[in-house]
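Asker: dropping the sequence and predicted coords here.
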Number of protein chains: 2
Amino acid sequence: MVSKEQLIQDLEGMFKPERVLKSELQRYCYTYDSSFVSQQTEYYPDVVVCLECTEDVSRLMKYAWENEVPVTPRGAGSGQTGGSVAINGGIVLDLSGWNSIVEIDDANMQVIVRPGIVHADLNDALSPYGLFFPPDPGSSKMATVGGMVCNNASGLRAVKYGATFQYVLGLEVVLPNGEVMKTGGLKSKALKSVSGIDLTRLYCGSEGTLGVITEIRLKVLPKPQSRGIMLALFEKLEDSALTVLDVFKAGLIPSGIEILDDGGIRCANKFKPDLNIPEMEAAIFFEINGSKAAVMEEGAQVKAIAEKRASSVEWATDADRMAKLWQGRAVIGAASARFMEGKTRIFAGEDVCFPISRVPEALRAIRNIGAEYEIPVVIYGHIGDGNMHTAPIMDPLNPDEVERTHKVAEAIHRLALEMGGSTTGEHGVGFARVPYMQEEHGIALDVMWSIKKAIDSKLIMNPGKIWTLGRG
Amino acid sequence: MVSKEQLIQDLEGMFKPERVLKSELQRYCYTYDSSFVSQQTEYYPDVVVCLECTEDVSRLMKYAWENEVPVTPRGAGSGQTGGSVAINGGIVLDLSGWNSIVEIDDANMQVIVRPGIVHADLNDALSPYGLFFPPDPGSSKMATVGGMVCNNASGLRAVKYGATFQYVLGLEVVLPNGEVMKTGGLKSKALKSVSGIDLTRLYCGSEGTLGVITEIRLKVLPKPQSRGIMLALFEKLEDSALTVLDVFKAGLIPSGIEILDDGGIRCANKFKPDLNIPEMEAAIFFEINGSKAAVMEEGAQVKAIAEKRASSVEWATDADRMAKLWQGRAVIGAASARFMEGKTRIFAGEDVCFPISRVPEALRAIRNIGAEYEIPVVIYGHIGDGNMHTAPIMDPLNPDEVERTHKVAEAIHRLALEMGGSTTGEHGVGFARVPYMQEEHGIALDVMWSIKKAIDSKLIMNPGKIWTLGRG
């Protein structure tokens, strides 16, 4: 590897000066993402390069390959596992400025974008065409689509629409050695293809460890005609999960099924007192979309099912009332951050996934973990697919609380594995979940590594993520 | 590699005699699948082994690995690209007898099966639970779920429900060296996971080139409450495709959108004269499912849209009339095989995929290709995702027709690539599409190959598929 000075000098010779960030202050902004782990140590990259064209990315990668310099691609930095943090130094490749839409091809139900486009901006651009890109991360207004592909993001509507990988039709990828590859067919605009090993899907969720994604071809769907929102309140946590299963068994698939536990309800109420949600063990929010008649009928059916176990159920299809009902879910991210004076909500062990049938048991166990370490854990999330957000509330400046919070996160990850779940339903591995990979995957982790080595034999792409730094 | 005699002797020492098939007659049944290419040459395996437990598959693979014997896994042999034919000899591993359901876990919306289970049998077993596995290949009563995963099959309902890969949550895979790997988490029953490189999806569509799939964990969905069928007839092909796009633009996603061109209509009518479908340029079949009110409303909307361009539209929700309307589509496979005296329908160039917007143009071009080589080509298929079945009708005993048919298939594949489509929308590469892979994928084909070598360094798994035999 070249010296840091040489590296910066070389890059300044290759790219315009404003694309190469080298001051400590500039680099400081890249030492962390939204994860708790990345805030514990300052992981400075040696240099940051901001690029917005494939040829430049290819030149950068050729240089990095020849000189064996680590490269960590980065979008908005809204990730919660340290995935875009350069824990081994080298270059951070900032793609967040490369946010153009190359083509909205409504006649073929697809769109081609550059990696830096923000999720909400893409959907705003699609809206006039009556189209939308269904995966909906809570961080829609921050998260880039490139980041969503790298993490295989999903979010609020996965229960009906699934995760990002289902919509990715093809990618342009700059390989670690700088070669430019197209997946899904060199010239393809097809909506389906089973031609060869599915590299498109291989890159979904690969977290920048196999190359740099520089263009994304996405399948988009017609926007549903109508929607409705229901809020059901349950005295017992178990009843909320049973209701979700009953809805599925009736042949219904709502477009969203979200839960707040009692801590979540208290959080929301404290943040926005006029919400005044009754403080029971669980609030479930259903979103139902489709044609107008479908929404009316399915809403009535879900309501009847929920009423069997819920203390109260409200169903709304007018815009104001829907917005009001949904607020409880909408504010929870912000609310959890400001729940207790002098404390904040951090992201650690925050997106574990459980088999649906074990969600109530899991939620009780998570509270017990919080109680054991005296760290309150607010719970909310995508109960429709068992993907829970467990939000520890703590003081990051108090070393004792930091230590206990790490223990809470550790215990939550272990719980997910013991209960037949996953350590990460949607945020990815980054370096936060590296310690659990062997237990979660066994020899599959070795096979993943063999693929990594096959594509990136010099191990320059985003080192220390998914696998330990020293692996191999 | 060991001699054929030694190979058989060794395998007979390892497994019960009835599991090892060695006679010429027994092996003959494995020389072909449903593809035209596999019927041109008799590809005899040296031996066939029929296994039904993971440990046996692992022992077989360890033996094959040590002795560098090619292994070609096979399900029902209903594939249409030669994928399960041992073109390089060695062992065919017949998994079709291993058809058990390990567990229907309705509380977690998933099912665990062995690879040999037939698609229709799985759905029959799921039905009492109110669940179904949505991908629906035309060959539902033959195709095994293991084969569907290996090919990433889709079929009639992909327009709404997508392809097999969207439902595969985890796999047990016997690696080429005999090690047993679990993908998707060692003990997972989670419905979502983004933990590490997505090996589950890597194996979907890998056509037995990366290992033997011995267990499959599938996400299943609640069965829709209701359905309806519509038949719309169009004087002009172009109007049928425009109607499909208008339906999408109205925010509607039917569960199936199928086309018959005029050749297809003639075929169906000849096979079943009481069908008596008016012989226009295109018939489109829409299936709409969901809650009862949704089906009624969406049916009415699709009907209104279709009526703008169609000569006639009929919409039915009663079971008898639906069955009657759907018959035209249902019989087309059989009908095309018996369209002309002394000729049959063969599978070659038969599942190309086009960008939806170019389907009308593509269909006209395909007819022209048929006319040029004087081989009638009947067209039907999944117009909702641009995936067309182009069925050459020919006499396989006439060498001149065989030669012309190969040219037709070649021209259809090239057309798909020229028009921004894919050579295969759902049947896979096998060895039928190997000649087009370089043109379709460019350097991505090399990356696929590097993954192949990383997982199967001795190149024993299903050699000659996806890539040429001599590659590397």
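Answerer: That came through fine.
Asker: which residues of the stretch 301-450 of chain A lie near chain B?
Answerer: Contact residues (Cβ under 8 Å from any Cβ of the partner chain) of the stretch 301-450 of chain A with chain B: A:301, A:353-358, A:382, A:385-387, A:417, A:420-429, A:433, A:436-437, A:439-445, A:447-448, A:450. Where you see a C-beta, it was placed from the backbone N, CA and C, and this is true even at glycine.
Asker: buried ones only from these, please, as a ChimeraX command.
Answerer: Command for ChimeraX, covering only those of these found buried under the criterion 16 or more other Cβ atoms under 10 Å in any protein chain shown:
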select /A:301,353,354,355,356,357,358,382,385,386,387,417,420,421,422,423,424,425,426,427,428,429,433,436,437,439,440,441,442,444,445,447,448,450
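Asker: narrow the residues of the stretch 301-450 of chain A next to chain B to those in strands?
Answerer: A:382, A:387 (DSSP state E).
Asker: so which of the residues of the stretch 301-450 of chain A next to chain B sit within helices?
Answerer: Among those, the residues falling in helices (DSSP state H) are A:301, A:417, A:437, A:439, A:440, A:441, A:444, A:445, A:447, A:448, A:450.
Asker: as CSV, those residues with distance to residue A:76 would be great.
Answerer: Listed next are those as CSV, based on distance: Cβ to Cβ, whole Å:
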residue, distance to residue A:76
A:301, 39
A:417, 29
A:437, 25
A:439, 31
A:440, 27
A:441, 28
A:444, 30
A:445, 28
A:447, 31
A:448, 26
A:450, 31
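Asker: now for those, which pair is the farthest apart?
Answerer: Taking Cβ to Cβ as the measure, these span a maximum distance of 48.6 Å, between A:301 and A:450.
Asker: how many other residues sit next to residue A:105?
Answerer: 18 (other Cβ atoms under 10 Å in any protein chain shown).
Asker: next one: residue A:23
Answerer: Counted with other Cβ under 10 Å, the neighbours of residue A:23 add up to 8.
Asker: any idea how far it is from residue A:114?
Answerer: 26 Å (Cβ to Cβ, to the nearest Å).
Asker: closest residue of chain A to chain B?
Answerer: Residue of chain A nearest chain B, by Cβ to the nearest Cβ: residue A:294 (3.1 Å).
Asker: which residue ranges make up each domain of chain A?
Answerer: A:4-96, A:101-222, A:226-419 (the TED database).
Asker: ranges for the strands of the stretch 51-200 of chain A?
Answerer: Ranges of strands in the stretch 51-200 of chain A, per DSSP state E, counting those that start in this stretch, are A:71-74, A:91-94, A:101-105, A:110-113, A:131-132, A:168-174, A:180-182.
Asker: most tightly surrounded among the ones you listed?
Answerer: Highest mean neighbour count among the strands of the stretch 51-200 of chain A (mean count of other Cβ atoms under 10 Å in any protein chain shown): strand A:71-74, with a mean of 28.
Asker: where does the stretch 1-150 of chain A dip in pLDDT?
Answerer: Applying pLDDT under 70 to the stretch 1-150 of chain A picks out no residues at all.
Asker: distance between the ends of stretch A:187-197?
Answerer: 17 Å (Cα to Cα, to the nearest Å).
Asker: so what's the gap between it and the chain middle?
Answerer: Centre-to-centre, stretch A:187-197 and its host chain are 26 Å apart (Cα atoms, centre = their mean, to the nearest Å).
Asker: got the residues of the stretch 51-200 of chain A near chain B?
Answerer: Selection of the stretch 51-200 of chain A residues close to chain B by Cβ under 8 Å from any Cβ yields A:105-109, A:130, A:151-154, A:158, A:162-163, A:165-166, A:175, A:179-183, A:185-199.
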